[in-house]
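In: kindly return the folded structure for what I paste below:
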Amino acid sequence: MERTAMSTSDATRPKPAPTGTVAPDRPGWPEIVVGSLAALVAMLAIRLFGAIGLDEDPVVYGLILTAWSGVIGLIAFAVAALIRIRSWGAFSVRRTSWRWVLVGVAAGVVALLLKGLVNLGVITVTGFDADPQGDYYDAAGGGVLPLILTFLFLSILTPIGEEFFFRGVVTNALLRYGPVIGVVSSSVFFALVHGINMALPSALVVGLIAAEVMRRSGSIWPAVIVHAVNNVGLPLLVLITGTTGPTA
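Out: The predicted structure is shown next:
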């Protein structure tokens, strides 16, 4: 007699979607390009704040710039995610384990120490030590409330925004070409976006470590932790030393 009953595994296995309707399982070049264009527009928009005179108050302007760095990433991620992919998992936005949380913290400390050594080497060789993040110091040195806001922006908003786009979109898209190309090329892109200044080597180090942690864990959150550990150093430095950073 012909067997007609399906096995349990056959019954529960998802049926393939009709041809032509399957969404990609990871972001690709469309997400990179459109998200980058959205980020560029958002970066240009911040210049309007200077044009209307907000840069006359260094604390207010510093807070705006500090917050905007995270907002830009979220805008770029949102635009990229709305193109064609509806799965958070495609961008590695998924839960992680406590083990990977601890790995993220440890990797963040390693990145913090390593970028310090790299920066020292760059300064020693080139003599170039101009700080491109003076506005952040101005914000953090403006009093208790600005210091708290700077801490929140740099340790939460910026890591989430930048990691969601640069690792969730860009790294995941480029990993289709292999782990080395995916991790290295996305980290170079991340560094170049910070400009040709002393932020570039720091961003490269943090990008490499965050991208590799995300690749190995399969989740964006350990990478966010790596980024947060590094960013928290600036407001802590202001709190401990009382410095307001460069004013030029």
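
In: lowest average confidence, helix or strand, in this structure?
Out: helix 8-12 (a mean of 39; mean pLDDT, DSSP states H and E).

In: what does the average pLDDT come to for the helix or strand just after that helix?
Out: Tracing the chain past helix 8-12, the next element assigned as helix or strand by DSSP states H and E is helix 29-45. For helix 29-45, mean pLDDT is 94.

In: which residues touch helix 29-45?
Out: Helix 29-45 is contacted from outside by 68, 71-73, 75-81, 83-85, 165, 169-170, 173-174, 193, using CB atoms under 8 Å, 6 or more residues apart in numbering. Just so you know, the C-beta spots here come from the backbone N, C-alpha and C atoms, and that holds for glycine as well.

In: which among those residues end up buried?
Out: Applying 16 or more other CB atoms under 10 Å to the contacts of helix 29-45, the neighbour count classes 68, 71-73, 75-77, 79-81, 85, 165, 169-170, 173-174, 193 as buried.

In: out of the residues you listed, name the ones that lie in helices.
Out: Among the buried ones among the contacts of helix 29-45, the members falling in helices (DSSP state H) are 68, 71-73, 75-77, 79-81, 165, 173-174, 193.

In: just the closest of those residues to residue 203, please.
Out: Nearest to residue 203 out of these is residue 193 (CB to CB; 7.7 Å).

In: remind me which residues of the chain are low pLDDT?
Out: Within the chain, the ranges that satisfy pLDDT under 70 run 1-24, 49-55, 131-132, 134, 235, 237-248.

In: now do the helices in it.
Out: Going by DSSP H, the chain shows helices at 8-12, 29-45, 47-51, 58-81, 98-126, 134-140, 144-152, 158-165, 172-174, 179-193, 199-217, 221-231, 233-241.

In: so which of those comes closest to residue 90?
Out: helix 172-174 (7.2 Å).

In: residues in contact with the closest one?
Out: Applying CB under 8 Å, 6+ apart, the contact partners of helix 172-174 are 26-29, 31-32, 90-92, 181-182, 185-186.

In: now for the spatially closest residue to residue 111 that is not a sequence neighbour: which residues touch it?
Out: The shortest distance from residue 111 to any non-neighbouring residue, by CB to CB, 6 or more residues apart in numbering, is to residue 209 (4.5 Å). The contact partners of residue 209, by CB under 8 Å, 6+ apart, come to 107, 108, 110, 111, 114, 226.

In: type out the ChimeraX command that picks the buried ones from the residues you listed.
Out: Here is the ChimeraX command that selects the buried residues among these (16+ other CB under 10 Å):
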select :107,108,111,114,226
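
In: got a markdown table for the contacts of residue 209, with distance to residue 47 too?
Out: A markdown table is the format used below for the contacts of residue 209 (distance: CB to CB, whole Å):
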| residue | distance to residue 47 |
| --- | --- |
| 107 | 34 |
| 108 | 31 |
| 110 | 36 |
| 111 | 30 |
| 114 | 33 |
| 226 | 30 |
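
In: go through the contacts of residue 209 and name the one nearest residue 46.
Out: Checking these one by one against residue 46 (CB to CB), the nearest turns out to be residue 226, at 25.2 Å.

In: from residue 212, how far out is that closest one?
Out: 9 Å (CB to CB, to the nearest Å).

In: cool, residue 201 as well?
Out: Distance of residue 201 to residue 212, given as CB to CB: 17 Å.

In: please apply the same query to residue 178.
Out: Counting by CB to CB, the gap from residue 178 to residue 212 is 13 Å.

In: any shared contact partners between these two?
Out: In contact with both residue 178 and residue 212: no residue, using CB under 8 Å, 6+ apart.

In: which one of the two has more residues nearby?
Out: Per other CB atoms under 10 Å, whichever of residue 178 and residue 212 has more neighbours is residue 212, with 21 against 10.
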